[in-house]
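Participant: for reference, the sequence and a predicted model appear below.
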Amino acid sequence: MVASTHWLASAVGMRVLEAGGNAFDAAVAAGLTLNVVEPHMNGLGGDAPILGRRASDGHTFVICGQGTAPALATIDRYHDLGLDLVPGTGHLAAVVPGAFGAWLDLLARYGTLPLADVLGPAIGYARDGYPIVAEATDTISAVADLFADHWHSSAAVYLPVPSPGARFTNPDLAATLTRLADQAGTREEQIEAARHAFYEGFVAEAVDAFVSGTAVLDSSGHEHTGFLRGSDLAGWRATEEATASVRFAGRTIHKTAAWGQGPVLLQQLAMLESLGITPDADPVDLVHTVVEVAKLAFADREAWYGDVPDVPLTTLLSASYAAERARLVGETAAEGLLPGSPDGRTPQLAASLWGESHVVRSTVGVGEPVMAGRPPSGDTCHLDVVDRWGNRVSATPSGGWLQSSPVVPGLGFSLPTRAQMFWLEPGLPGSLVPGRRPRTTLSPGMVVDDDGTGLAFGTPGGDQQDQWTVPFLLRHLLGGLDLQAAIDAPTWHSTHVPSSFYPRNHTPLGVVVESRLGTRALTGLAERGHAVHDTGPWAIGRLSAAGVRADGMLVAAANPRGMQGYAVGR
């Protein structure tokens, strides 16, 4: 079974499974298809953390497809440009593109099919076309003037603005993928040759020339060249790493470590278990408690998470720390940021975190690519795969958004802009340091029962990813709802903690809710001090999931919001 945020990716993944490939082969093919058909949500030059589980021995792992900051990118260099935040768009926000390397690493370690087989569908859609979704055309329309006036390489690919559902092709991207797929040798040699071509060959050369030689307009309002170089790509490889995990509802929940935000889900679940929360609680009590727990966990994210060796993660995920933090949940909405002091350490937040100079209206092409004037729709893609043997993959490809970085001439794709998640203040876990990974929001997940069954799950949504999954897991694991019902149920999230994306906006005490929660719930939350925003009945959450039950039956579900996600299996 395959579930994802786009029906074509789900169909491609299923095609690979039916052809004899395993879940890892299918995930690579589906992920590369998402790179093509959702260019406003991700790209070949983006980022892709991946969680996997090998059924034969229970090996559960992370493949890190989050690229690092360039060697030339220092805090002083940004300050010399008069910047106190990394722009959300353009060359100055570029980090090493990690998605393609992560897909190759997953294929090499755990897949079975030749490279050309998993790249073939993506090549076909880029070359022959696919029906472009309305959200993509809306995004292109919103940045059409930017493309026409400044980002001419993007204009060449995306203008004139296509109509929703029109056949859309990207010949340059098709040519790039074809060159990457056209490798000789054994399966392993083909994969390594493609990696070399991307990170040390023609792709790296084109990236170096464009970023260093062409100044482009970014969200600072000025034109800049960037710091990313071919040597940064050559020095980076995807890595396999251990997961972070907690026990919840008698299962083990797996996430990435704290170089991503994944542990905030684990912290929330640990606190909620300490509080004895159940999904059948009074709706006002349920949403209030979950929101207050989220605020505590995300405050810890701001103070402690990052690509540094001294994150006190063991303590942050411990039952005793969770109980201590849970005692802070009161009857009314708490103000401010309240990070904890794991191991007695003093939390340190960015001095500019609440600076008025950063509270500006977000627009398309600035930071997180969410359409202005519309409910948050996520900035990312997601896919989940389970095969007949029980292997499972959860992946959250993102970055390289068409609206956030100009297309690299001749390659047909954009670069990732996740350097905007670094702070330009030294000494913080999230401070910019050359070679460091930005503390990404990308957060695939895995539930493993004691008998080895369970599910892969996740969602797009930036900072909301590890909030929307909380009510889903409560309803499925504790409430007994099936996957589809748990995904369909009305959801919510807090906007109290500043965004990870430029310009770090936030809404103090803000809670975004779907109106299907009911008038009494919305009124009750407001009475408890929450700034409630009713976003409509079917507006937030983009979850999908796929897994295997204890009886061996495969299950999957996908989000109906937006009528784009799809789950398929047989």
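Facilitator: Perfect, I can see it now. Numbering: from 1, shown residues only.
Participant: show me where the stretch 101-250 of the chain has its strands.
Facilitator: Secondary structure of the stretch 101-250 of the chain (DSSP state E, counting those that start in this stretch): strands at 130-131, 167-168, 216-217, 223-224, 239-241, 244-248.
Participant: make a markdown table from those and add mean neighbour count and distance to Gly569 to it.
Facilitator: From N, CA and C alone the C-beta is placed, and that goes for glycine too. Below are these laid out as a markdown table (neighbours: other C-beta atoms under 10 Å; distance: least, C-beta to C-beta, whole Å):
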| stretch | mean neighbour count | distance to Gly569 |
| --- | --- | --- |
| strand 130-131 | 16 | 22 |
| strand 167-168 | 16 | 28 |
| strand 216-217 | 21 | 43 |
| strand 223-224 | 16 | 47 |
| strand 239-241 | 15 | 27 |
| strand 244-248 | 19 | 26 |
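Participant: let's have those in TSV, adding distance to Asp310 and mean pLDDT.
Facilitator: TSV is the format used below for the strands of the stretch 101-250 of the chain (distance: least, C-beta to C-beta, whole Å; pLDDT from 0 to 100):
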stretch	distance to Asp310	mean pLDDT
strand 130-131	46	98
strand 167-168	47	98
strand 216-217	37	98
strand 223-224	33	98
strand 239-241	17	98
strand 244-248	15	98
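Participant: export those to JSON lines and append columns for distance to Thr33.
Facilitator: Listed next are the strands of the stretch 101-250 of the chain as JSON lines, based on distance: least, C-beta to C-beta, whole Å:
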{"stretch": "strand 130-131", "distance to Thr33": "9"}
{"stretch": "strand 167-168", "distance to Thr33": "14"}
{"stretch": "strand 216-217", "distance to Thr33": "28"}
{"stretch": "strand 223-224", "distance to Thr33": "33"}
{"stretch": "strand 239-241", "distance to Thr33": "23"}
{"stretch": "strand 244-248", "distance to Thr33": "29"}
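Participant: closest to Ser320 out of those strands?
Facilitator: strand 244-248 (12.7 Å; C-beta to C-beta).
Participant: of all the strands of the stretch 101-250 of the chain, which one is nearest Arg570?
Facilitator: That would be, of those and by C-beta to C-beta, strand 130-131, which comes in at 23.0 Å.
Participant: what distance separates the closest one from the middle of the whole chain?
Facilitator: 24 Å (C-alpha atoms, centre = their mean, to the nearest Å).
Participant: mind giving me the packing neighbours of that strand?
Facilitator: strand 167-168 (3 or more C-beta pairs under 8 Å, 6 or more residues apart in numbering; DSSP states H and E).
Participant: partner strands of the strand it packs on, with direction?
Facilitator: strand 130-131 (antiparallel) (DSSP bridges).
Participant: looking at the strands of the stretch 101-250 of the chain, which is nearest to Ile63?
Facilitator: Nearest to Ile63, of all the strands of the stretch 101-250 of the chain, is strand 239-241, at 5.5 Å by C-beta to C-beta.
Participant: out of the strands of the stretch 101-250 of the chain, flag the one nearest Gly480.
Facilitator: Of all these, strand 244-248 comes closest under C-beta to C-beta, at 15.1 Å.
Participant: grab the nearest non-local neighbour of Thr332.
Facilitator: Gly529 (4.5 Å; C-beta to C-beta, 6 or more residues apart in numbering).
Participant: do Thr491 as well
Facilitator: With C-beta to C-beta, 6+ apart, the residue lying closest to Thr491 is Gly541, at 4.4 Å.
Participant: name the helix or strand for the one you found, please.
Facilitator: Under DSSP states H and E, no helix or strand contains Gly541.
Participant: contact partners for the nearest residue to Pro434 once chain neighbours are set aside?
Facilitator: Among residues not flanking Pro434 along the chain, Ala71 sits closest, at 4.8 Å (C-beta to C-beta, 6+ apart). Applying C-beta atoms under 8 Å, 6 or more residues apart in numbering, we find Ala71 in contact with Phe227, Arg229, Ser231, Asp232, Gly235, Pro434, Gly435.
Participant: right, and the second one touches Val211 too?
Facilitator: Yes: under the criterion of C-beta atoms under 8 Å, Arg229 lies in contact with Val211, with a separation of 7.3 Å.
Participant: which one of the two is surrounded by more residues?
Facilitator: Val211 (27 against 19; other C-beta atoms under 10 Å).
Participant: so where do the helices sit in the stretch 51-200 of the chain?
Facilitator: 75-80, 99-110, 115-128, 134-142, 144-149, 152-158, 171-181, 187-199 (DSSP state H, counting those that start in this stretch).
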